[in-house]
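Peer 1: sequence first, predicted model second:
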Amino acid sequence: MVPPSATYRFPTVHISCPCDESIAITPKSPTKPGAPAVPEEDPDESEEETFDPRAPRSNFSLFPLDNLLYCEDCKQIRCPRCVHDEIVCFFCPNCLFEVPSSTVKTDGNRCTRNCFSCPICFASLVVAPTGEGQAGPYILLCNHCLWSSGEIGIEFEKPTSIAAQLAEKLKPPALARASSGSFTSPLSPMSASSEGYFPSTGAPTIITPDDEEDKRELSPEERFIGLKAHYAQQKAGAGADEYGSSPGALSRLMGLISGLGSGSRSRSFGRGIGGFSNIGGKGKVEWTEWDAVKGIGDDEEELVERIKEIGFAGTTNKEQRIAQNHQPRFIQDLRPLATILRTKRSKRCRACRHILVKPESKPTTIRFRIKLVAMNYIPALSISRLDPTTFNYSALTPLSTHQFLLTITNPLFDPINITLATPAKTPGSYPSTVTILCPTFEVGANTDVWDEALQTTANTPTAAIKKGRKTGMLIGTVWDLGRNWTTVVIELVPPLLPLPGELDEDGDELATEDDRLVQVPVSVRVVYETDLERDDGGLGKEAKEKREHTYWSVLGLGRISEKMPTTAVEDVAGPSAARPTSLVSIAGKGVAGRGGAREEAGESRANRHSVR
Amino acid sequence: MPPKQTKGEYIETDTGNKVSRKSVILGSQNIILGGKTIIQADCTIRGDLRRTVAPGQNSGNVAIAVGRYCFLSRSSVLRPPGRTHQKTFSYYPMKIGDHVFVGEGCVVEAALIGSYVHIAKDCVIGKFAIIKDCVKIEEGTVIAPNTVIPSFSLVSGRPGVVIDELPETAQEGLECRSPNHLMRSIR
Amino acid sequence: MPPKPRPSEAVAKPPTVLASSVVIAEAASLTGTFPIKIGANTVIHPRAKLTSAQGPITIGEHCIICERTQICPPGAEGLVIEDGVVVEVNAVVEGSVGAGSVVEVGVRIGKGGSVGLNCKLGPLTKVLEGEVIEDNTVIFGSGQRRVDASGTADARRRLLERHIESLRVLIPSNPSKFVN
């Protein structure tokens, strides 16, 4: 299921957003902050309070610090799940022109200029002249795979407003009939599609077998164009017609068709259907099942014939097919893809509705009017290896002590006190033993870089505190520290896992790939004093406020190697015999208890790792 | 070559650019480096491929302009893009913003690369591509010619397409001011 | 900084046949013992490497061989690059290439491979050892193939000729260095 090692990038640091905890927004304070290294804890109690990175729900609450926002009013981290997005502007990602939302409503969410992507490889297409010199006719050409619109018989007279020219070329023959008075024809192909149920108002009589042949060729765009023309005509000739007399109903219906209905979607959809049923003007609504009418057999025979003719190379693959509205089976039926618009969005806190992120509306600027990101409010954690030489994070040797450096960097302008806590054993069926050598310490304020240089050395805490780097590794001393960062040592002893391929009595793997990943939950408690409201209080007041913030983070320290530690192999004859019996029994319990959910969680987590 | 090693691998310019002696810089009179930019060994920069048609009013003869705090990793190639316009072929200037990281073995023929752009190793950026600010391009990506990548995009694939949006913190994350950060990116 | 002449110059120069209109940069590298033949109006960029240690190299007319490319025939049967071929940066060519084909950035043509007429090998794609690529094939993406039906081969050729004319101005040519 998961390709081992190569896809992972260690170490990782994720922070848990507490928004899935319905009871309290603030996570409970961790167990005995003073002595996390003590292994003797009541198992039940610690299980309740420890964040379990392997729980299925954890997948949805863990984010890298970069992706988190911070609400100043709620004094809480906000993740992509607990913010509301609001569209600031639409723009085309290719020509970078802003598209007004009214245009998006009428013309759909695709670029209406010259921006298209290749239906074969999805690179962007360029307008290229085919004639001598720079003269026309012009084609859309992909510079990556050399697909050209000439292959599907489309050439353009002029090199500008390609979208309009293309729409003109793809105009269905049915439209001609529509403009000549038969206004039901743009609708009937929609009814004839295989989609099942459609209300009909006597439409069956209109569809004759030979007509149907034409109409099946229509793509949704063509139908859209047809419908649009049809309703425009309706609106123009509105009078006694109850539908045409209500412009509100028309705009709702147009909104529905273009996929961006005003107001709630479900509501407008409901009314839209009502509108459909009245179009014929016959009044009575009937629902008819159309499956039976559509002859599938003929279709397939035709398809088989065509495949025989063109061969496998002429058929589309899944990606090419689903990118197109009409989902064509043959490359000959592919159309250039108009570029889908992109949005700039502002973000609001779901709890207090305050704006957390507000970008400037110009599509090409990267400035923000408001940007409350968590990395400016909560200390950042980073992991490195104590002895960085020739170390593979993807192959941690079991049963030996690994030392990592955990660096906490303070983004705040006040010094902070940090209390770290971690369960002595990580959650999961194969727990690793974790020790943080110095769980309580101070991190300096994030002053200007120049302050440090200009300050006299006596003022900084740096000189006063003993550093483990100099004195050797001692419990209770930090390893190293600087202006606004402090590093402590964290020790890890990974367990010995059953080999891949070893199965339990149910035929499940004893140790899944997920079990091999070492994920250490660490609770970070931040306490600091800050000046109260510097803005309105003025500098003279000197009112201090004590603030506290606690969050869970999960350190992905690596992956446990399949290789046995050399000592264990030497001691006993076979590798399986070398495994402590207690470990196997825990494994059996674990797998039996939580099989399916764990599998799933493991897979999605592995996916996330590979994405990062 | 050996006697030069004693002077150190990098030549430092007045504005603090560090250019490896083992890099290949052609047409250096047509290249502008903004300052604090690092060019590693085995890089090739084709400043000699300059405009041959009459340049615009103010563009002069600059073929490649690189901003500040950029990092060109080993074996990367910067090459101005060229095309035929109105029956004459010409190369056009390439402009690179600030804080741009170009990974090992990349070949860049873009017309414009904005600021805060991270191009991972072994990428090919096609001719006349335009990459806006705050973009991250994953390892081994091939960006087709004439592609435009908007800001806050994560790009991957062959040909490269936008696969995700970057968070609001992208600018901070992609800054390459500290050498430590850079060394981590290089691995 | 002008590129320094390579120390490998002391190594015996291969016998070369260069057409008079060839544009060959001084910093290009031609090494080996078998003959190297370069046709009219072909441009060899600086730092392109042509190694004829194993077999002869024949390059046609109106070709562009970019910098950092390596062209080395796998055996005594040699290697032919026909007319109007562009070999882009970082490409490694160990097989023959047909007329009008484009070998993009970082392409590897394996030993004894053979690429047909008017093919386009997209960036970072590969042709396996001994593989034969039919005429008008486009290899793109991560190895997908299709037949070029865009009919742009002639247009490409016209653009290429203009490209070469402009390179003639930009690249100082020094064929005398390679003739013995």
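Peer 2: In hand now; what should we look at?

Peer 1: just the pLDDT at residue 25, thanks.
Peer 2: The chain I'm using is chain A. Per-residue confidence for A:Ile25 comes out at a pLDDT of 42.

Peer 1: chain C, not that one
Peer 2: On pLDDT, C:Ala25 comes in at 94.

Peer 1: so A:Thr486 bridges to which residues?
Peer 2: In this entry, A:Thr486 is beta-bridged to A:Ile408, A:Leu481, by DSSP bridges.

Peer 1: which regions of chain B sit below the pLDDT cut-off?
Peer 2: The model of chain B has pLDDT under 70 over residues B:1-7, B:54-60, B:177-187.

Peer 1: and the residue of it found nearest chain A, what does it touch?
Peer 2: Nearest residue of chain B to chain A (C-beta to the nearest C-beta) works out as B:Ala144 at 3.5 Å. (Glycine included, C-beta is placed from N, CA and C.) Residues near B:Ala144 by C-beta atoms under 8 Å, 6 or more residues apart in numbering or on different chains: A:Cys121, A:Ala123, A:Ser124, A:Cys142, A:Asn143, A:His144, B:Gly126, B:Ala129, B:Pro159, B:Gly160.

Peer 1: so which of these comes closest to A:Arg306?
Peer 2: Using C-beta to C-beta, A:Cys121 is the member of the contacts of B:Ala144 that sits closest to A:Arg306, with 22.9 Å.

Peer 1: so what's that closest one closest to, chain neighbours aside?
Peer 2: Distances taken as C-beta to C-beta, 6 or more residues apart in numbering or on different chains put A:Cys145 closest to A:Cys121, at 4.4 Å, once the chain neighbours are dropped.

Peer 1: ok, A:Ala323 next?
Peer 2: A:Leu337 (5.9 Å).

Peer 1: that neighbour contacts A:Ala123, correct?
Peer 2: No. The pair A:Leu337 / A:Ala123 is not scored as a contact, 10.8 Å apart, by C-beta atoms under 8 Å.

Peer 1: quick one: which of these two has more around it?
Peer 2: Neighbour tally, A:Leu337 and A:Ala123, criterion other C-beta atoms under 10 Å in any protein chain shown: the higher count belongs to A:Ala123, 28 against 19.

Peer 1: what helix or strand is A:His224 on?
Peer 2: Careful, residue A:224 is Phe; it's not His. Counting by DSSP states H and E, the element that carries A:Phe224 is helix A:220-236.

Peer 1: with just CA atoms, put that helix into PDB.
Peer 2: Extracted C-alpha coordinates of helix A:220-236, given in PDB (Å, rounded to 0.1, in the frame of the first residue of the first chain):
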ATOM      1  CA  PRO A 220     -23.000  20.500 -22.400                       C
ATOM      2  CA  GLU A 221     -21.400  23.700 -23.600                       C
ATOM      3  CA  GLU A 222     -23.400  23.500 -26.800                       C
ATOM      4  CA  ARG A 223     -26.500  22.900 -24.800                       C
ATOM      5  CA  PHE A 224     -25.600  25.800 -22.600                       C
ATOM      6  CA  ILE A 225     -25.200  28.100 -25.600                       C
ATOM      7  CA  GLY A 226     -28.500  26.900 -26.900                       C
ATOM      8  CA  LEU A 227     -30.300  27.400 -23.600                       C
ATOM      9  CA  LYS A 228     -28.800  30.800 -23.200                       C
ATOM     10  CA  ALA A 229     -29.900  31.900 -26.600                       C
ATOM     11  CA  HIS A 230     -33.300  30.400 -25.900                       C
ATOM     12  CA  TYR A 231     -33.800  32.200 -22.700                       C
ATOM     13  CA  ALA A 232     -32.500  35.500 -24.100                       C
ATOM     14  CA  GLN A 233     -35.100  35.100 -26.800                       C
ATOM     15  CA  GLN A 234     -37.800  34.300 -24.200                       C
ATOM     16  CA  LYS A 235     -36.900  37.300 -22.200                       C
ATOM     17  CA  ALA A 236     -37.000  39.500 -25.300                       C
END
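
Peer 1: pLDDT (mean, whole number) over that helix?
Peer 2: The average of the pLDDT scores along helix A:220-236 is 75.

Peer 1: looking at the stretch 151-300 of chain A, which residue is nearest chain C?
Peer 2: A:Glu151 (4.9 Å).

Peer 1: check contacts around the residue lying closest to C:Gly113 once chain neighbours are set aside.
Peer 2: Using C-beta to C-beta, 6+ apart and skipping the chain neighbours, the partner closest in space to C:Gly113 is C:Gly95 (3.2 Å). Contact partners of C:Gly95, counting by C-beta under 8 Å, 6+ apart, are C:Pro74, C:Leu79, C:Ile109, C:Gly110, C:Lys111, C:Gly112, C:Gly113, C:Ser114, C:Val115, C:Val127, C:Glu131.

Peer 1: so the fourth one sits against C:Val132, correct?
Peer 2: Meaning C:Gly110. No. With contact defined as C-beta under 8 Å, C:Gly110 and C:Val132 do not form a contacting pair (11.4 Å).

Peer 1: would you turn the contacts of B:Ala144 into TSV with secondary structure?
Peer 2: As requested, these are exported to TSV (DSSP: H, G, I helix; E, B strand; the rest coil):
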residue	secondary structure
A:Cys121	coil
A:Ala123	coil
A:Ser124	strand
A:Cys142	strand
A:Asn143	coil
A:His144	coil
B:Gly126	coil
B:Ala129	coil
B:Pro159	coil
B:Gly160	coil
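
Peer 1: possible to save those residues as CSV with distance to C:Lys177?
Peer 2: Formatted as CSV, those follow (distance: C-beta to C-beta, whole Å):
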residue, distance to C:Lys177
A:Cys121, 42
A:Ala123, 40
A:Ser124, 42
A:Cys142, 41
A:Asn143, 36
A:His144, 38
B:Gly126, 33
B:Ala129, 35
B:Pro159, 39
B:Gly160, 40
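
Peer 1: great, nothing more from me.
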